[in-house]
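S.K.: Fold the following for me, if possible:
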Amino acid sequence: MKIISSYSIKGGVGKTALSVNLAYALREAGRRTLLLDLDPQGAASFYFRLESAKKFKMRDANSMAEGLRKNIRESDFPGLDVIPSNLEYRRLDILLDGMTKRRKQLRSILEEFKPDYDVILMDCPPNITLLSENVFRASDVILVPVIPTVLSRRTLEQLTGFFTDEELPGDMLRPFFSMAQKRSKMHREIMADLPTAHPGFLKTVIPFSADVEKMGLHRMPLPAYSPTCAAAVAYRALCAEILSQPSLRP
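M.R.: Coordinates of the predicted model:
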């Protein structure tokens with residue numbers, strides 16, 4: 001089982017769109033996939049037409065694993081299950097802070113699902129918190145959507161700096177350009193320059209697209225209702241590129 005995280009310090013960069021569409025593409029590629037929506041906003045759950053997770057007592061790692069398992073929901077797409085979010089997830093930092101090895105508990109919790117899935121994909125809330133540190137240590141690959149703008153570039157640099165300071169393996173970070181507009185001179189310049197400073201940059205670019213914005217109306221992954229549009233094709237290409245990474249090979 002491999003664990004992939006969709007993460008950014010900055011909100012509004014296409015993180016949840018990545019999670020939803022990549023989960024669908026992984027399922028298309030034959031991977032038994034579990035999408036874990038850790039963001040209390042629950043946008044990924046909404047896109048899959050799922051209600052919030054039922055509340056459960058989170059006293060320790062065992063009760064957390066049991067509660068997550070009880071909240072697994074089948075999506076409308078066989079081979080793709082979802083653990084919806086809940087506002088109570090905002091308390092995960094408090095729970096983790098009271099545990100031993102508080103920065104490494106999530107990995108052991110997710111091992112509970114190893115027999116049932118090939119991939120666990122996590123949609124993570126922004127900002128760097130104790131939950132984020134657990135995500136970093138639990139993941140095999142961390143996908144970082146980057147809009148080709150100054151602020152988005154800055155947050156990528158902050159994230160890589162954090163990994164350096166905490167002695168985390170920087171090669172886990174796999175940034176890629178999201179919501180890119182090639183008509184924009186600034187976008188073109190940043191897309192030409194930024195990957196030279198970050199060798200892990202993926203080659204696939206997700207274009208800015210109104211079709212992605214309409215996901216909230218359709219409440220389903222983009223490739224499910226508009227499979228030939230440019231963004232859907234790009235998400236499938238991104239999935240193929242991700243699966244070609246040595247760290248994700250069986």
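
S.K.: any chance you could map the strands in the chain?
M.R.: 2-6, 33-37, 73-74, 80-83, 119-123, 141-146, 173-180, 205-207 (DSSP state E).

S.K.: Quick check: which of those strands is buried the most?
M.R.: Comparing those on average neighbours per residue, with mean count of other C-beta atoms under 10 Å, the densest one is strand 33-37 at a mean of 27. C-beta: built from backbone N, CA, C; applies to glycine.

S.K.: quick one: strands adjacent to that one?
M.R.: strand 80-83 (parallel), strand 119-123 (parallel) (DSSP bridges).

S.K.: give me the low-pLDDT residue ranges for the protein?
M.R.: For the chain, the stretches with pLDDT under 70 are 56, 58, 93-94, 97-102, 249-250.

S.K.: Who are the contact partners of D39?
M.R.: When the contact criterion is C-beta atoms under 8 Å, 6 or more residues apart in numbering, the partners of D39 are T16, S85, Y89, D123, C124, P125.

S.K.: Now with 6 Å, please.
M.R.: S85, D123, P125 (C-beta atoms under 6 Å, 6 or more residues apart in numbering).

S.K.: Ok, L68 next?
M.R.: By C-beta under 6 Å, 6+ apart, the contact list for L68 reads I83.

S.K.: separation between it and P84?
M.R.: For L68, the distance to P84 equals 10 Å [C-beta to C-beta, to the nearest Å].

S.K.: quick revisit: the strands of the chain: which one's closest to P246?
M.R.: P246 lies closest to strand 141-146 among those, at 10.3 Å (C-beta to C-beta).
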